[in-house]
Every structure is written in structure tokens, then in C-alpha cells.
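Novice: Task: produce atomic coordinates for the following.
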Amino acid sequence: MSTVVSCEGLPPPGIYSIAAHRPFLSDLASRILAATAADDDPLALARVTLLLPTRRACRTMRDIFLALTDGAPLVLPRLVPIGDIDEDEMLLSSEPAGLLEVDVDIPPAVPELRRRILLARLLQGAHGADDRPLPVDHAMALAGEFGRLLDQVQTEQLDFDVLEDLVPEAYAAHWQETLNFLKIVTETWPAVLKAEGAIDPADRRNRLLQARGEAWCRNPPSDPVIAAGSTGSIPATAALLATVAALPSGYVVLPGLDRVLDTDAWEALDPGHPQFGLRQLLQRLNVARIDVGEWPAPDDAEGDGPARECLVSEALRPATTKVWRYERDNIAAEALRGVVRVEAQESHEEAGIIATALREVLETEGRTAALVTPDRDLARRVSAIMSRWGVEVDDSAGIPLAETPPGIFLRLAARMFDEGVAPVPLLSVLKHPLACGGQSAARFRASARQLERLVLRGPRPARGFAGLLAAAELRRRHAPEEPDRDGATSGDYAEVVALVERLAVMAAPLEAELAASVATLPDLLAAHVAFCEALASSDEMSGAARLWGSEAGEVLAGFVVDLLEAAAELGPVPPGRYPALLDALFAGRMVRPRFGAHPRLAILGPLEARLQHFDVTILGSLNEGSWPPDPSVDPWMGRTMRADFGLPSPERRIGLSAHDFTQAFCAGELLLTRSVRVDGAPSMPSRWLTRLEVAGRALDLADDPSAADRAHALGEWWRALDEPEGVPPASGAAVRPRPRPPVEVRPRRLSVTQIETWMRDPYAIYAREVLHLRALPPLDQNADAAVYGSLIHDILDAFLTALPPGPLPADARAHLRAHGEAALAPYRNIPAIWTFWWPRFERIAEWVLSVECARRAGIIATHTEVSGAIDIEAPSGSFRLTARADRIDELTDGGVAVIDFKTGAPPTKREVQAGFAPQLPLEAAMVALGGFEGVPAKPAEELAFWRLSGGREAGEVRNAADDPVEVAADAIAGLKVLVALFDDVETAYEARPRPEHAPAYSDYEHLARVREWASGGGVVEE
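Specialist: Numbers count the residues shown, from 1 in each chain. Okay, the predicted model is just below:
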């Protein structure tokens, strides 16, 4: 039988390397294909076993073989991912049955979710031994960290028995405590696994690789076995590579072995150097670097890669920079040809420039590109921008399940219940795209907006759906028969109540579970899923179909099924910890879309990119802390403990990351990007960028002449694409707005309080009455001074309206307190508000009673919260002035007293008489003209503010005018002038024309851009 070993095109078995600048998988496949094509055996290629680091590398190699044969039918070699090997891949072999029997009687790996739950229970028990209960969500998060420690220990083939040899006294007190805790857990965990009939995933991988190696040692295969692309950073993998290297037809092909570095530097490598791992592997294989062969490249191989390899080798040599001047002649001037470096100001700009570069590649048929970055935030930003342009990019890391639409929906629902159905989390759920509540999406969204506007805007309702329903019922009872100013009718309020009733029915089972003192995770999860399915149902599809029907939904369904199977092991959980527990359980679950990605673009992590080749390679987020990453903080062992235990130092991870960087840096056309600021904070360029810069200057290497123009062009293209069309660029100083709307759209009706605004800030009247913009009350409105003032007005209105004429009745105090208790009742269960407001009200009540007792003898009748209106003739037609007076007293001497209640600071007498606080004078003028219903036309004898602070001085009567009649006449005359002025189309609604008299607060300040032009001198816009 013919074998591949006899093929002339394949080099002799042994250890080889493919240079970093070469397309690793393509060169490997080309030589294998050429060798097997010359063989008479049509199955020669199929008898080759090819071991690659990852499944992605295996998929890429399959595609390369097909591309090299122009898609012709082909029996591929056996492609085995070393990093994710399983029994099926172990048993498949071209050898005769029985020659390669592998002992695969290895227990299965414990499922990851079940392992975390078992570890969490174990950690809780160990913590409980110290009388310090560990919250279940904290235990779950800690279980994830402990699982990683188990994987590290087993990957390095260490034994937890070594813990006994560590001396606790050598460490700080908290590390001694952690060490004792680890001993408790690690002594118990093997028994837990034995009861499960399973082992840890890393342990199982080690056993499978060991079994494969032992089988090959017993029965060496005659067909070629090629292990390619691995650096042997995992001991079990290194052992398998050693076995392959010893086979009579075995090949080990290393990625990017540095042949330029001198021997002294090679021997001085530290764990942070990119070649440290390969040196360790060669030492294990007992092979000198000089004896490593060069894998044959295709005959048409070309490029400037060797020069760039020399540059990066010199730049990253271990602290022997003095050698640079001697090595200058070995580095060609074209080392930086095709290298473009871009420094963006912030992450969004960096992502945009990268996306622009990716999109540009698609303009040339057949060209490929990839973003290589460890920064998941940058990857998501780039992916989002590309999606905006209609291009879906394959992201090797996938999307966290918790951040997919169905995952977000489940988590938002859990948070909503945890926060007592508060307005913000409730609306987050109701406005989610999956929420339909049995209706069409459009109808349900409209109902949710009605609920927000009519019920949720303002103070927060009481907890739960019962509190929300009570608030909705209250609003319905007080709903106007006619449409209100926003067009809402009593029917709209009824629809809102019906919506809340439906939601309450859906939520009842989960609310019942959460109301219990303890619950089981399966019961909580089942009720939670039932609520989400009910809410997700539409008028056309079931909730299950909508919730689980997408790719992310399928993954989420699998997660829920796995969790339901394993959750019973956790035992009872406090319902209040359920949302945080769910978040902890979601951690690490990813969704990788199977379809729809563009075939010529990719977003890869450094490991996945190691063996890939693209026409354009973009290395993104080249900042310290990102690439290389900051050393992770180990919650279980400090640096010294890790070293004593035998775990690799944090620098080893930096070395692996450095190797990935050098492999990618030696690609052909290269774009290097970083952000000067990340999340608003200054960033430092990656140490590798810095060393490359220093080396380039020391070696007198010039940048690619076109690099600067290329970087500038990418930035300009992105900014042009990102800016909205039709918006002229800002120039000069910001300006004060002065709109001049047509007279026919200007308001013909204003209230007395709006007149003051009209005088102080005409633009606010323009925004409200011409543009019809209304500021909505905030969600979860704080019970602030404005709310308190409104309540005091309501209390006094109810109290004074119920008083009979004449002296105060004996039970007046009791009646006033009763009105106060009723108005403030919603805040009784909020100590921070009740304990502050109620004592203030009590002091106000005593003051009001004392003042009222003294006033009653001079009063004929009292009118509170009374509405009125008068019409004023003006150049453009009648203008209506309206008012709602807090209090008007008809006095025994024939006049009236007009009183305004103020819980804050009232205007001064000077402001009133100068006309800048016209409310009371205008109300007095309206009384004199008979403008208030039920109040006879009489002149005002008193204009007063009652300042109701409730402080040490509970109240104060402040006289607003010495001559009320004169002030009232001046106010109405001034109003006529003001109306006539704004009936002229040339009169602008200028923003704050007199800053010294501007209102203290305005809902429209941001629309008028006050902060922009006020700081620049307030240039007027014509």
C-alpha cells in the first residue's frame, strides 16, 4: 500500500517552523496537497492526520484545501483540534482495527453549569463552617473563579496535595485564611466528582491527549501525523507533540520560530517574551533551535515579511537594545512598508476607523480583512457599526448570552420584580422588542406609552403590580370626561387599568414565589419563564415561539433546560438574591451566530488569528491593559503562593499574548490602531508599539511614505460617514436664539404665572405655546419641594373649603390634621420623607390656625383654588388671561384680599412693584374686572404672600404692595403693552433678554442652548 511518507514533495519527518510572515495554514496545506497529489493512491490525503490548535483552525484548513483544488471533490485529511479533542476524534483512524486501540474508558466531563452549582454549594458549606454565610449569588460568582483555578491546576498537571506543603505562616493573614479555605474545598471536591461519576473538563482533556499519545507509542502509525500551529503551552499538549515528533512519520510544525535572535538573547528569554513558550517546547523536545527545519513555502512565495520579522525580533529582544546598532544591516528599509498606524481620540472613533477600513476592503473583489483584538468592547463597537451599514461580521468570541435580546428580556424581567415593579425597570421590560402581551407589537407599545404618561410619570407607585394597579385606578377615578391638554380621555385611563390588570395576572405566580421567605431555584425559574413567555406572546405567535425561536433563543432555551436539570442541587435560595444569581449563572455563556456573516471579513481574538491569513490585518486596541492585558487578580492565590504552588507567573500570559502580536504584526498589509482616551481616561500605548517605535528610530527605519496619508484618509472617511447629512458644521460663537413665528401661531391665551415667564424668558413661551413642547414629569419623581408645595396647597384648599363662615370651629385643628394625614399618607412608609415633611406640616398647621383665627372676623367669604379669566383687546385680536388663585377673601369693608401660598421663597415687594412678579397684581386686576367665577368684582385691599416654610418660623405674611389698586392697574396696562408688542411679527421670542432677571429654572434651557451662548457673551442670532 502506498503511503504519504514516500511522497517526494513532503519533507522528511521531524520538527519544522513556518515563518511568521507566511500564511501558515496555506503553506501547510499547499505542501501536503502537492505531496499527496503525486501519489498513486487516491486516498493518500485522507490518510494524513492533521492536529491543529482549535476547531476554527480546522474549519479554515478545510476551506483552504477546497480553495486550492478550486472546489473539486476531495477526501480531506483527518482534522483534529488538539484544544477540544473528544472520543470520536480519538477513535477515527486509517489504521486497521485493533492496531490503535485507545483506552477511552474515561469518565465524562461534568457539565459546566452543573459544576458551577456543585462548587457554589460546596463553597457555601465551607464558608458556613466559619459562621459567615455566603450569599448564593456571591457563591456562584466565586464558583466560576474556583472552576478556573481547577482548570489551571489540572492544565499544569499539578496536585492540590501540594497545598499541605505550603507554609501558611509565610503569607499574610488573609492569604492564610484563603489557604485553609482551599484545603477544605479541594479535599471535598474529588468526592463530589466521584458521586457524579464525572471529572473536570481539563482533567479529561489531559487524559484523552495522554491516551492518544500512549496509543501511538504502542502502535506507531505508518501514515503521516502532522501537529501544526501549537506552541505547547499546555503540558499535556507538549507531551503529545513530543510523541508526534518521535513517530516515524510524525511532523511538528511550529508557528513563527524566531531564527534571527542571537544565541545569547535566546538563552536570556524571560516568560514575557514572545519566543519563551517555543524555547520551552524545544527544550522539552530536546531539539536545538538550529535543528528546526523550515517548512517549504510555495515556489511563488514573495513579500517583505522577513524584514518585518527582523524588526520585531530586534524590537522585542530581552533588554539587549545595544545590539540594535550591530543588527542594522540585517533589517531592510522596507520593514515598515504597508504598516499604517492610527491614533484615535476615543474608542468610538477607533471603532469607526476600523469599520471604515473593513468596509473599504469589500470594494475590491476577493480581498479579505480581519480585526484582531482582545478588546471585546471594541469588537462589539465595530460589529455594531458594520451592522449599521448592512454588513454582518463573524466575531469569533460570539455575543454574551446575557446581552442578546432574549437574554436581556429575561434579566430585565427579574430586575423589575426585584425592584418592586418600579417605573424604570417596568418600562425597560414593556418597551423591549419581545414584549407584546398578547397584542400586536405596535398596539402593545402604544399601551406601554400610555401607561408611562398617565401613571408612571411622577411619584413612584407603591410596590408590586398591586401598587401599580392602585395608582392606575386612582388616576382613572380622577380622569376628566373631556380630553386633557395632552389629548388623554377617560377611555385611555380605562385601557391603562386593563393593561395593568393583564400584567398582574401574568405576574402573579412569580410574585408569589418572590414573596416567600425561601424558594427553590427550579420553582423561581419556572415561574419566571412562564411570565416571560406570557408577556412575549403576540396576537399572531405564541410567547414560546417568539422567545426561543431565534439563534440566541435556542441557546437560551438550552441554558434554561440545563439550569432546570442542575438547579435542584443548589437547595433553597432567598428570593431576593434571584436576579443577581441569574446574572452570575449567565456569565460565560456565549452565542455564536451560524449564518449571515460576510465571508471575507472577520473579528478574531489573538489566539484564533494565530494561524489565519488575510489581505488586510487590523490590530486594534493596542493599549496597555488591553494588549497585553493587565495581569488578572487571582482571588485564591497571590503571586508568591502561585509560584510556590507551581502555577505559571502572570508574565507567562503576557508572553503568549506577545507571540500572538508578533505573528499578526508580520502579516502583509497592516493597520495598527489605539485610542488616546478609553472611557474618558488617558491610555498608554502598548509596550510593543513603544518598543517598535524606539527600535525603528534606532535603526533609522522610515515609515511607509503613504502611511500618514492613509491614516488621515481613514479618519476623514469615518468622520464624513458618521456626521449626519444636511447639518452645517459649527462655526464661530454660539448664539442666543430669537425666533419670530408668524403672528397667527402666537399664543392668544396665557395664565398669570406664564406672564412672568413671558417677561423674563420669552423663548420658554415660544417653546411651550408655539412648538407645543411640554416637559413630562420625571419617572420616579423625587418627593421634592415642588411636590411638597403642591400637597400643602391641596391640604389648605380642602380645609378652607370645608370651613363654615364665622369663627373657627373647636375641631378645626383635628380637621386640618386629618386633611394633612390623608394627603401625606402615600409617604408614610418612606421614613426619609415622612419624618421630614410631617413635622413641617404640623408647624405650618399651627401657624395657619393662629392666623386664620385672627382673620375670620374681617372675612365675609373665602374662595380657594378658584379659576378665572378676562379678555384683553389687542392689535391681532382678543387675548385671554387666565388664573387659578390660591385664595381670595371677601372682606367686610367691601374690598378683597388676594393671597398666594408659597412653601419656598416668595418674590420681594420690589419685584412685585417693578412688574417682574405680576401674578398677584394681575389676579387683583382680574377680581376688579369680575374675572373670577363666584367672586364679586371688588377692588383689592390686600395683596399678600403666605410663606409656609414649616421651619423655626413656621409661617410669615408678606405684604406684596403698598397700594394694591395702583399696582393692579399698572400690571394690566403693562400686559396690554406686552401683548401688543408680541402681536408685531418683528418682535422675537428672545431667550433671557435680561439675564439679571432670568428665571431660576426653565424646562427649555437646553433647547435654548443657554450654556453655550451665555459663556460666549450671548451673541444674538438674527
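Novice: From the centroid of the protein, which residue is nearest?
Specialist: Centroid-nearest residue in the chain: residue 403, 8.2 Å away (criterion: CA atoms, centre = their mean).
Novice: Which residue ranges of the stretch 501-650 of the chain form strands?
Specialist: Per DSSP state E, counting those that start in this stretch, the stretch 501-650 of the chain carries strands over the ranges 519-520, 572-573, 590-591, 601-604, 616-619.
Novice: Ok, the stretch 251-400 of the chain next?
Specialist: Secondary structure of the stretch 251-400 of the chain (DSSP E, counting those that start in this stretch): strands at 293-294, 339-344, 369-372, 394-395, 399-400.
Novice: from the chain's centre, how far out does the second one sit?
Specialist: It stands for strand 339-344. Counting by CA atoms, centre = their mean, to the nearest Å, strand 339-344 is centred 27 Å from the centre of its parent chain.
Novice: can you tell me which of the strands of the stretch 251-400 of the chain the model trusts least?
Specialist: Across these, strand 394-395 has the smallest mean pLDDT, namely a mean of 87.
Novice: That strand pairs with which strands, parallel or anti?
Specialist: strand 601-604 (parallel) (DSSP bridges).
Novice: can I get the strands of the stretch 251-400 of the chain in CSV with mean neighbour count and distance to residue 466?
Specialist: Yep, even glycine has a C-beta here, placed from its N, CA and C like the rest. Shown next, in CSV, are the strands of the stretch 251-400 of the chain (neighbours: other CB atoms under 10 Å; distance: least, CB to CB, whole Å):
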stretch, mean neighbour count, distance to residue 466
strand 293-294, 13, 76
strand 339-344, 22, 51
strand 369-372, 28, 51
strand 394-395, 20, 44
strand 399-400, 18, 35
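Novice: could you dump those strands to JSON lines with distance to residue 163?
Specialist: JSON lines is the format used below for these (distance: least, CB to CB, whole Å):
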{"stretch": "strand 293-294", "distance to residue 163": "44"}
{"stretch": "strand 339-344", "distance to residue 163": "47"}
{"stretch": "strand 369-372", "distance to residue 163": "39"}
{"stretch": "strand 394-395", "distance to residue 163": "39"}
{"stretch": "strand 399-400", "distance to residue 163": "34"}
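Novice: In space, what's closest to residue 707 - neighbours in sequence excluded?
Specialist: Nearest residue to residue 707, sequence neighbours excluded (CB to CB, 6 or more residues apart in numbering): residue 340, at 4.7 Å.
Novice: From what I see, that neighbour and residue 712 are in contact.
Specialist: No. The criterion here is CB atoms under 8 Å, and residue 340 misses it with residue 712 at 10.0 Å.
Novice: For the residue of the chain most remote from its centre, give me the pLDDT.
Specialist: Farthest-out residue of the chain from its mean C-alpha position, per CA atoms, centre = their mean: residue 893, at 69.1 Å. On the pLDDT scale, residue 893 is placed at 90.
Novice: So it lies in a helix, does it not?
Specialist: No. Under DSSP: H, G, I helix; E, B strand; the rest coil, residue 893 falls outside any helix and is assigned coil.
Novice: Might one say that it is in contact with residue 858?
Specialist: Yes. Counting by CB under 8 Å, residue 893 does reach residue 858; the two are 7.5 Å apart.
Novice: re the thing from before, contacts only, for the residue nearest to residue 707.
Specialist: Contact analysis of residue 340 by CB atoms under 8 Å, 6 or more residues apart in numbering lists 670, 671, 672, 704, 707, 710, 711, 714.
Novice: Ramachandran coordinates for the residue farthest from the centre of the chain?
Specialist: Torsion angles at residue 893 (phi, psi; degrees, to the nearest 10) stand at phi -90, psi 10.
Novice: would you list every one of the helices in the stretch 701-850 of the chain?
Specialist: With DSSP state H, counting those that start in this stretch, the ranges of helices along the stretch 701-850 of the chain come out as 707-722, 752-760, 762-765, 785-802, 812-824, 831-855.
Novice: Look at residue 900 and tell me its secondary structure.
Specialist: strand.
Novice: How many neighbouring residues does it have?
Specialist: By other CB atoms under 10 Å, the residues close to residue 900 number 22.
Novice: Tell me who's in contact with it.
Specialist: Counting by CB under 8 Å, 6+ apart, residue 900 touches 885, 886, 887, 906, 919, 920, 923, 944, 945, 946.
Novice: While we're on the second one, how confident is the model there?
Specialist: pLDDT for residue 886: 94.
Novice: Tell me the helices and strands packed up against the helix or strand harbouring it.
Specialist: Element membership for residue 886 (DSSP states H and E) is strand 879-891. Here strand 879-891 touches strand 749-751, helix 752-760, helix 785-802, strand 859-872, strand 896-902, helix 919-928, strand 940-948, going by 3 or more CB pairs under 8 Å, 6 or more residues apart in numbering; DSSP states H and E.
Novice: I'd like these as a markdown table, with distance to residue 399 and mean pLDDT appended.
Specialist: Below are the helices and strands packed on strand 879-891 laid out as a markdown table (distance: least, CB to CB, whole Å; pLDDT from 0 to 100):
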| stretch | distance to residue 399 | mean pLDDT |
| --- | --- | --- |
| strand 749-751 | 53 | 95 |
| helix 752-760 | 50 | 94 |
| helix 785-802 | 43 | 88 |
| strand 859-872 | 56 | 94 |
| strand 896-902 | 55 | 95 |
| helix 919-928 | 57 | 96 |
| strand 940-948 | 57 | 95 |
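Novice: Pull the number of nearby residues for the closest residue to residue 893 other than its chain neighbours.
Specialist: Excluding the flanking residues, the one nearest residue 893 by CB to CB, 6+ apart is residue 941, at 7.0 Å. Around residue 941 there are 16 other residues, counting by other CB under 10 Å.
Novice: so residue 941 touches residue 962, yeah?
Specialist: No. Counting by CB under 8 Å, residue 941 does not reach residue 962; the two are 11.8 Å apart.
Novice: which intervals of the stretch 201-350 of the chain have sub-threshold pLDDT?
Specialist: Where the stretch 201-350 of the chain drops to pLDDT under 70, the residues are 299-305, 320-333.
Novice: Show me the helices in it, by range?
Specialist: 201-218, 235-246, 263-267, 276-285, 305-315, 324-327, 347-361.
Novice: helices or strands up against the fifth one?
Specialist: Spelled out, it's helix 305-315. Using 3+ CB pairs under 8 Å, 6+ apart, helix 305-315 is in contact with helix 324-327, helix 650-665, helix 687-698.
Novice: most tightly surrounded among those?
Specialist: Ranked by mean neighbour count, those are led by helix 650-665 with a mean of 22 (mean count of other CB atoms under 10 Å).
Novice: Report the angle between that one and strand 339-344.
Specialist: Angle between the axes of helix 650-665 and strand 339-344 is 120 degrees (criterion: axes from the mean of the first three to the mean of the last three CA atoms, to 10 degrees).
Novice: For the next helix or strand after helix 650-665, which outside residues touch it?
Specialist: Where DSSP H and E defines the elements, the next helix or strand beyond helix 650-665 is strand 669-675. With CB under 8 Å, 6+ apart as the contact definition, strand 669-675 has outside contacts at 338-347, 349-350, 353-354, 357, 615-623, 664, 683, 685-686, 689, 714.
Novice: Pop the domain breakdown of this protein in here.
Specialist: As assigned by automatic domain parsing, the chain contains the domains 4-106+204-301, 112-196, 330-398+595-632+645-722, 401-591, 730-741+757-781+986-1022, 782-982.
Novice: Can you say which of these is nearest to residue 638?
Specialist: domain 112-196 (5.6 Å; CB to CB).
Novice: Now do the end-to-end distance for the closest one.
Specialist: Counting by CA to CA, to the nearest Å, you get 13 Å between the two ends of domain 112-196.
Novice: again with stretch 916-933
Specialist: The first-to-last residue distance of stretch 916-933 comes to 27 Å (CA to CA).
Novice: Buried residues, that stretch. List them.
Specialist: 917-929, 931-932 (16 or more other CB atoms under 10 Å).
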